[in-house]
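Asks: Using only what follows, build the 3D model:
(one chain, ligands or ions: 1)
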Amino acid sequence: MAISLRRHDHFPHNSRADALSVATVGNAFVDRVYAYLSPVYDIAFGPLLQPGRVKAIERLAIEPGDRVLEVGAGTGINAPLYPPHCEVTAVDLSSDMLERARDRIGAAGLTHIRLLEADAAHLTFVDESFDRVYAPYTVSVVPDPVAVVREMCRVCRRGGRIVILNHFRSTNRLLARMEQAISPATVHIGFKADLDRQMLLEQTGLRPLSVEKVNVPPIWSLITCIKE
Ligand SMILES: C[S@@+](CC[C@H](N)C(=O)[O-])C[C@H]1O[C@@H](n2cnc3c(N)ncnc32)[C@H](O)[C@@H]1O
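Replies: Below you'll find the predicted structure:
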């Protein structure tokens, strides 16, 4: 199915978010892309990105009774990785992706995970509702990464952990140029290739405890933060 960027899909109102990437998308566009990606997502992005997911769960350091928020749950591919002694709320914009997550969670009998259809840029949870907030491979997908990360910070309790796992624009100038060149095309397979990590951290006020390179090749970053 061919998908084109329509004028009203383009990111409309926040020039700061535009500066993080040359590519701009809107929720309607992202929703359509993930509707057609949903049947093949686990094959295309499953094993390749799994080492990062496993390492991220370690960095979340989930304690018994913790309330965990996953932003961009997709097909529920992270669901089996959560320890049973926590309560996970997993949100996603795409009903097609969530349908697969629901099947996976039901088949595995994972009763400590609940799924919600929601836009992560406008969460309805009250401030400090969660002990751990985690965005696996999501911030380069959403139209407004700054708004999403700010929401993640808002709903995380003080002293809680915020973990972001994502590919960001390379610090190598040549690679960065290539990523910027392909980013308007990669949005059609689900992500912006050129999201600027430093700018995202600056605009959200996040100060990482650690930034690690993960996966093979190690071009994805695992950012661990403690909410101050
Ligand atoms: C690349 S997938 C990541 C799926 C999964 N977390 C993983 O580890 O593979 C990104 C997901 O973010 C979701 N998404 C995109 N924009 C969103 C938004 N504004 N709010 C919530 N979820 C969103 C997409 O529907 C998609 O399922």
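Asks: So the residue lying farthest from the centre of the chain versus the ligand, what's the distance?
Replies: For the chain, the largest distance from the centre (Cα atoms, centre = their mean) belongs to Leu174, which lies 25.7 Å off. As judged by Cβ to the nearest ligand atom, to the nearest Å, Leu174 and the ligand stand 26 Å apart. Just so you know, the C-beta spots here come from the backbone N, C-alpha and C atoms, and that holds for glycine as well.
Asks: Surely that residue is within a helix?
Replies: Yes - under DSSP: H, G, I helix; E, B strand; the rest coil, Leu174 sits within a helix.
Asks: Run through the residues of the chain sitting next to the ligand.
Replies: Residues of the chain found near the ligand (Cβ under 6 Å from any ligand atom) are 27, 30, 34, 45, 49, 53, 72-74, 77-78, 91-94, 97, 119-121, 136-138, 141-142, 190.
Asks: Among those, which lie within strands?
Replies: Residues of these located in strands (DSSP state E): 91-92, 136.
Asks: ok, Cys86 - contacts?
Replies: 62-68, 112, 132 (Cβ atoms under 8 Å, 6 or more residues apart in numbering).
Asks: Only whichever of those are buried, select them in PyMOL.
Replies: Remark: buried members of the contacts of Cys86, expressed as a PyMOL selection using 16 or more other Cβ atoms under 10 Å:
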select buried, resi 62+66+67+68+132
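Asks: Good, we can wrap up now.
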